[in-house]
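> model this:
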Amino acid sequence: MRNFKFKKIPFIAVVLFMLLSNFMYGQGPIPFTINNTSTFNDNELYVAIVGIDYTTGNHVWVNAKTSQVLPMSSSYNTVTGPTIGGNTGPGQNSKYANCFTKLSEIPNKTFTLPQIAGCRVFIAKGQQLYFYFFGANGAPSGYTSPNPLNVTDPNQGILYEIIELTNNQYGFFGNPSRVDSYKYPMGLELFGANGYQKRVGELKKHADIVAAFKANVPSQFQGCVNDATGEITAPSKTPAFADGTGGTTVGAQANYLKPYIDAIWTKYKTEDLIFYAGDAGVFKGRVIGEQLEMVGQSGGFVGRTGRVQYRPSTQEALEGKGVLDRRLVDGDLDLVIQAQLTAAINRHVVNVTTPNPGQQNWYDASKFYQVNPTNHYSKFWHLPGISVDNLAYGFAYDDVADQSPSLHTTQPTKVIAVFGGYGGSTPTTSSSTLIQAENYSSMSGIQVEATTDTNGGSNVGYTDTGDWMAYNNINFPMTGAYLIEYRVASAVNGAKISSDLNAGTIPLGSVNIPNTGGWQNWQTVSQTVNVNAGTYNFGIYIQNSGVNINWIKITKTGATARVASIDTKIEEPSSLIIYPSPVENTLFYTTDLAGGDVSIIDSQTGTAVSGQKSTDNSINVSHLKSGIYLIIFEKDGKKIVKRFIKK
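Model (predicted):
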């Protein structure tokens with residue numbers, strides 16, 4: 001067994017994750033339901049909830065039958081587990097925590113999820129898992145969890161799945177994960193205020209997933225499948241990829257990624273490595289000695305240097321560990337660079353063939369996993385028809401370029417985990433239509449240009465008041481609420497667009513466009529509207545000039561919503577602009593919030609670093625260390641959150 005360690009979330013992923021919504025609301029416990037679509041009965045499934053009380057830092061567990069939150073204590077180690085190979089567990093008596101409840105014994109299959117950090121919901125088939133509770137705090141504290149590489153682990157052979165989550169004052173954050181393994185299809189559905197509803201997870205039945213995996217991965221990855229149990233284990237945790245550490249025997253694929261990593265290190269000793277990293281900006285650097293040093297060229301890290309100490313091994317690259325999880329000089333940026341490189345190696349997007357290739361786009365998903373050696377285990381979970389919207393956590397940094405099945409809303413109302421997944425049918429709540437802005441059927445006054453936004457391509461720009469675009473034959477399959485998202489950039493204040501159906505006969509409302517700080521600094525704004533089922537010509541009208549548009553995404557949501565007309569109010573994110581960013585001493589904001597509360601949150605840790613009353617339109621941030629922060633404005637019960645960068 002091993003002492004449990006939560007899957008790390010890279011620094012840039014924390015920033016992106018926190019920024020999925022511009023609103024932040026304090027909220028509390030919410031109902032968490034477990035639906036069973038598997039071939040097993042409810043009395044065959046065992047549930048446990050473990051995590052950390054984010055207010056105290058203590059390890060806790062939730063009694064699923066009563067929803068009571070209890071501190072971890074060795075006194076709960078009362079269940080006798082198996083003794084395999086002489087392993088009697090940390091207590092030396094083969095006793096383990098009595099923390100599991102049969103699904104059939106949980107009232108309405110629903111428990112109350114408290115405010116909790118670093119939480120995992122375990123669902124095991126046939127019997128409970130054998131955790132050992134050390135205690136709520138001190139050393140050691142926490143609990144042990146299954147270790148697939150330990151042949152004496154008491155959990156060997158038990159089928160189980162997990163949901164990872166945090167539920168705190170900033171909302172619900174959660175996802176199913178394939179970072180370590182797949183054992184059975186899982187789904188996760190999150191509901192929230194204002195009609196929010198979204199699902200992630202597997203779309204196929206268990207036998208179909210196993211068969212599809214075997215049919216889609218090369219011989220090096222066939223050993224990931226356990227034919228007896230149907231479990232698919234991440235390659236880094238299989239004998240074939242073992243590197244001899246931790247008592248393992250060196251496997252045939254221990255150096256699977258080594259030729260590629262060596263080629264990267266060799267090429268970029270004499271050539272510049274330049275890559276685009278989404279919100280983190282553009283970086284340029286070289287391998288100096290054995291250390292990769294990347295300097296920020298644009299974005300929030302201009303002039304700062306992030307480092308990878310030396311070339312990683314195959315195991316380090318597959319798991320994002322070792323030299324790919326190490327603070328060196330500029331710790332925050334070191335982790336950003338290491339996360340980007342981990343993702344790029346797994347996806348094989350670092351160019352090692354073209355002489356002096358110039359700037360590379362490591363966020364172009366169409367180029368992922370196209371060349372060997374690549375992580376075929378992770379590639380599989382992103383194949384069409386395997387996971388909802390092709391999103392999955394195939395390795396620890398799969399959230400780089402937004403490839404993870406992460407769910408977040410600031411005002412969650414309930415969560416549904418689905419043991420057994422969605423059984424082959426795509427959830428209607430996740431169906432969406434993506435419209436590239438330049439693919440209009442007709443327009444007036446519009447120009448097209450190349451974009452540096454994620455996945456490249458083109459955007460429309462040079463828009464003036466009165467310009468418009470129309471897109472014919474856009475289908476709204478069901479009557480109800482739809483989320484319309486616009487990918488926009490602007491370097492001016494006051495831009496505004498509106499949308500409509502059938503040449504303005506059905507107005508959908510207007511959206512204020514924020515000053516994003518540049519014509520290629522991209523943000524997503526949205527509105528929620530009601531539309532009757534049918535096929536329409538969808539139009540966008542430029543109410544006030546000054547906006548570039550890359551794409552429009554229309555998604556069916558699960559609740560009825562009022563027709564959106566997004567006007568300037570204190571709760572509307574685009575009504576408040578902060579500047580400058582990056583900032584050195586004083587941060588200014590455009591809306592008078594005198595008497596309101598202003599708080600600053602460290603994006604890396606999620607902790608508050610400042611709190612005060614607003615007396616004017618500025619705040620002194622000179623005392624903050626360099627990094628990325630969230631500033632929260634609260635007045636009259638409404639909250640707005642903005643991101644800024646401290647030099």
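
> Point out where the stretch 101-250 of the chain drops to low pLDDT.
Counting by pLDDT under 70, the stretch 101-250 of the chain contains no low-confidence segment.

> any idea of the pLDDT on the most centrally placed residue in the chain?
When CA atoms, centre = their mean is applied to the chain, the residue found nearest the centroid is residue 406 (4.0 Å). The score at residue 406 is 90. That number is its pLDDT.

> Number of residues surrounding the closest residue to it other than its chain neighbours?
Leaving aside its chain neighbours, residue 406 sits nearest to residue 175 (4.7 Å; criterion: CB to CB, 6 or more residues apart in numbering). For glycine as for every other residue, the C-beta is placed from the backbone atoms N, C-alpha and C. Using other CB atoms under 10 Å, residue 175 has 27 neighbouring residues.

> So what sits opposite residue 175 in the bridge?
For residue 175, the beta-bridge partners under DSSP bridges are residue 164.

> List the neighbouring strands of the helix or strand hosting residue 275 plus their orientation.
Element membership for residue 275, per DSSP states H and E: strand 273-276. When pairing is defined by DSSP bridges, strand 273-276 lines up against strand 282-288 (antiparallel), strand 359-361 (parallel).

> And that strand, how far out from the chain middle?
Strand 273-276 has its average C-alpha position 23 Å from the chain's average C-alpha position, going by CA atoms, centre = their mean, to the nearest Å.

> hang on, the earlier thing: please identify which of the strands paired with strand 273-276 is closest to residue 131.
strand 282-288 (41.3 Å; CB to CB).

> neighbouring contacts of the closest one?
The contact list for strand 282-288, computed with CB atoms under 8 Å, 6 or more residues apart in numbering, reads 265, 268-277, 292-299, 301, 305-306, 337, 340, 359.

> all strands in the stretch 151-300 of the chain, in order from the N-terminus.
160-168, 171-176, 181-182, 186-192, 197-201, 232-233, 273-276, 282-288, 291-296 (DSSP state E, counting those that start in this stretch).

> Deepest-packed of those strands, please.
The highest average neighbour count among the strands of the stretch 151-300 of the chain, using mean count of other CB atoms under 10 Å, belongs to strand 171-176 at a mean of 26.

> Run the angle between that strand and strand 160-168 for me.
170 degrees (axes from the mean of the first three to the mean of the last three CA atoms, to 10 degrees).

> What's the mean pLDDT across the longest strand belonging to the chain?
The longest strand of the chain (DSSP state E) is strand 518-531. Strand 518-531 comes out with an average pLDDT of 89.

> who does it pair up with?
Strand 518-531 is paired, per DSSP bridges, with strand 480-490 (antiparallel).

> chain center to the partner strand, what's the gap?
The answer for strand 480-490 is 20 Å, by CA atoms, centre = their mean.

> any weak-confidence spans in the stretch 251-400 of the chain?
Using pLDDT under 70, nothing in the stretch 251-400 of the chain is flagged.

> following the longest strand of the chain, which helix or strand comes up?
Downstream of strand 518-531, the next assigned helix or strand under DSSP H and E is strand 534-544.

> mind listing what's buried in that next one?
For strand 534-544, the buried set under the neighbour-count rule, 16 or more other CB atoms under 10 Å, comprises 536-544.

> can you count the residues close to residue 599?
Per other CB under 10 Å, the neighbour tally for residue 599 reads 17.

> tell me the contacts of it?
608, 610-611, 631-632, 634 are the contacts of residue 599 under CB under 8 Å, 6+ apart.

> Let me see the confidence value for it.
Taking residue 599 on its own, its pLDDT is 82.

> Can you name the element that comes right after the host helix or strand of it?
Under the criterion of DSSP H and E, residue 599 resides in strand 597-602. Using DSSP H and E, the helix or strand that follows strand 597-602 towards the C-terminus is strand 608-613.

> strands paired with the helix or strand following that following strand, and their directions?
Downstream of strand 608-613, the first helix or strand assigned by DSSP H and E is strand 618-620. Here strand 618-620 has these sheet partners by DSSP bridges: strand 586-589 (antiparallel).

> Could you give the average pLDDT over the partner strand?
80.

> Show me which residues of it are buried.
Residues 587, 589 are the ones in strand 586-589 that count as buried (16+ other CB under 10 Å).

> try stretch 124-139
124-125, 127-136.

> Need the strands paired with strand 273-276 in CSV (columns: distance to residue 88).
Formatted as CSV, those follow (distance: least, CB to CB, whole Å):
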stretch, distance to residue 88
strand 282-288, 48
strand 359-361, 52
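
> so which of the ones you listed comes closest to residue 186?
When those are compared for distance to residue 186 using CB to CB, the nearest one is strand 359-361, at 31.6 Å.

> before we move on, back to that, how far out from the middle of the chain is the strand holding residue 599?
23 Å.

> average pLDDT for whichever strand or helix holds residue 508?
Using DSSP H and E, residue 508 maps to strand 506-512. For strand 506-512, the mean per-residue pLDDT is 88.

> ditto for stretch 543-559
Rounded mean pLDDT across stretch 543-559 is 85.

> Tell me the buried residues in it?
543-552, 554-559.

> Please name every helix or strand in contact with the lengthiest helix in the chain.
The longest helix of the chain (DSSP state H) is helix 331-347. For helix 331-347, the elements it packs on are helix 11-18, helix 258-267, strand 291-296, strand 305-308, helix 314-319, judged by 3 or more CB pairs under 8 Å, 6 or more residues apart in numbering; DSSP states H and E.

> what's the fourth one in contact with?
It stands for strand 305-308. Counting by CB under 8 Å, 6+ apart, residues outside strand 305-308 touching it are 283, 285, 291-296, 323-324, 328-330, 333-338, 341.

> Of all the strands paired with strand 273-276, which one comes closest to residue 386?
Closest of the strands paired with strand 273-276 to residue 386 is strand 359-361, at 24.6 Å (criterion: CB to CB).

> what distance separates stretch 513-527 from the centre of its chain?
With CA atoms, centre = their mean, you get 21 Å for stretch 513-527.

> what does it contact?
451-454, 461, 483-493, 495-497, 499, 508-509, 511-512, 546-548, 550, 564, 566, 573-574, 577, 581.

> same check, this time on stretch 244-258
In contact with stretch 244-258 (CB under 8 Å, 6+ apart) are residues 149, 220, 235, 238-243, 313-315, 317-318, 345, 373.
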